[in-house]
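Trainee: Below is the structure, and that's it, no one-letter string:
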């Protein structure tokens, strides 16, 4: 099961091997090549599929791909319209991108845990962690981008002074200014952290359970991994959905005056 | 499990994806959806209009049919009346014709009878004269006795 180098180290080695990213560089300037490669590949897949549907889009009878893509568009559009009432042209495409990209990330989890690392080993890669959402860098990259947008829209809609006022004067009025600021900062910073950690935690745990199942005797594996995989289909969709909806909700909160 | 430069790479990828989606994917798909929505709405409206048109046409057809029925029954009764009249008229004419024919025939019969009477009278006169001649054995002066003969024959 595990690659040769780690076979001797037993179960711990097997697990650690599966959770170690393929990286280059050192310190902060480390790059997780597998995360970068797979997320770019999946992003490209998403872009390619939707773009080809968009190019062929007609108002007439839609084809199979267009039907699916339109279903996604309608689904995202409904979600966005439910909670966001601003005029920004960015929010809906952003939500669509987040949903599809995160879903595809998570979907990598459903590949049998040894397939991609084995292929990687054949190609001479010592490590390969194929699920981008089990990399904190990936989830934080997305949630920090969303956070930047929250700050950007807060300042754009309310003005720098309005935003500062909101930070300093709410919820307890001017006399408790430092306390207000502290509360608000925690509230704001909790957003990206919770977004990133929720997705990471769910997928990391899911992957870990797949790895643990893979350590069991082979006759037990299907009995456990099959129901878990089915359950996981729910989880990966749900996590993508939650990330998208919360992004939209946070951004619509940034648009609202208090 | 550390935060590192991968974060920056991922953010760049994310920004590119969002930008591309916003620019090239969302608008055409959304527009085609909206356009189809409009088309369907138009189609439904047209269908409804068509239904209404059909209803109106049916109403109109009913009215026209009713009018036509009334007209035809009117025509029928008129024709009946006219036919009766014609029959009456022809009966009348026939009667008159018959009467006239009868009168003419009677007149002719009278005329012929008169002629026959005249002929008979003349013949009887001649016969009577012949008979009288033979009885008397002598020629009778025709001019002398003409008056007598005429008197006799007018009595026939």
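Mentor: On my side now, so go ahead. This one's a predicted model, so the numbers in the text were calculated from it and none came from an experiment.
Trainee: From now on I want contacts and neighbour counts done on CA atoms only, so please keep to that.
Mentor: OK.
Trainee: give me the low-pLDDT residue ranges for the stretch 1-150 of chain A?
Mentor: Scanning the stretch 1-150 of chain A for pLDDT under 70 picks out A:1-9.
Trainee: interface residues of it facing chain B?
Mentor: A:27-32, A:35-36, A:39-40, A:43, A:47, A:50-51, A:53-55, A:57-60, A:70, A:73, A:89-90, A:93-94, A:97, A:135-138, A:140-142, A:145 (CA under 8 Å from any CA of the partner chain).
Trainee: so what's the nearest residue to residue A:184 once chain neighbours are set aside up against?
Mentor: In space, and not counting its chain neighbours, residue A:184 is closest to residue A:167: 5.8 Å by CA to CA, 6 or more residues apart in numbering or on different chains. Listed by CA atoms under 8 Å, 6 or more residues apart in numbering or on different chains, the contact partners of residue A:167 are A:180-181, A:184-185.
Trainee: Repeat the analysis, applying 7 Å as the threshold.
Mentor: In this structure, residue A:167 makes contact with A:180-181, A:184, judged by CA atoms under 7 Å, 6 or more residues apart in numbering or on different chains.
Trainee: Quick check: residues of chain B near chain A?
Mentor: B:3-11, B:13-14, B:17-18, B:21-22, B:25-26, B:28-29, B:32-33, B:35-36 (CA under 7 Å from any CA of the partner chain).
Trainee: Filter these down to the buried ones, PyMOL style.
Mentor: Remark: buried members of the residues of chain B next to chain A, expressed as a PyMOL selection using 16 or more other CA atoms under 10 Å in any protein chain shown:
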select buried, chain B and resi 3+4+5+6+7+8+9+10+11+13+14+17+18+21+22+25+26+28+29+32+33+36
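Trainee: So which of the residues of chain B next to chain A belong to helices?
Mentor: B:6-11, B:13-14, B:17-18, B:26, B:28-29, B:32-33, B:35-36 (DSSP state H).
Trainee: hmm, which of the residues of the stretch 1-150 of chain A next to chain B are the buried ones?
Mentor: Using 16+ other CA under 10 Å, the buried ones in the residues of the stretch 1-150 of chain A next to chain B are A:30-32, A:35-36, A:39-40, A:43, A:47, A:50-51, A:53-54, A:57-59, A:70, A:73, A:93-94, A:97, A:135-138, A:140-142, A:145.
Trainee: can you confirm residue B:103 is in a helix?
Mentor: Yes: read with DSSP: H, G, I helix; E, B strand; the rest coil, residue B:103 is one of the residues of a helix.
Trainee: count of neighbours near it?
Mentor: Counted with other CA atoms under 10 Å in any protein chain shown, residues neighbouring residue B:103 total 12.
Trainee: Would you quantify the distance from it to chain A?
Mentor: Per CA to the nearest CA, to the nearest Å, residue B:103 is found 96 Å from chain A.
Trainee: how big is the angle separating the helix or strand hosting residue B:70 from helix B:6-20?
Mentor: Assessed by DSSP states H and E, residue B:70 sits inside helix B:26-136. Helix B:26-136 runs at 20 degrees relative to helix B:6-20, counting by axes from the mean of the first three to the mean of the last three CA atoms, to 10 degrees.
Trainee: Would you mark the buried spots in the helix or strand that helix B:26-136 is followed by?
Mentor: Note on helix B:26-136: by DSSP H and E, the next helix or strand toward the C-terminus is helix B:142-155. With burial defined by 16+ other CA under 10 Å, the residues of helix B:142-155 counted as buried are B:149, B:153.
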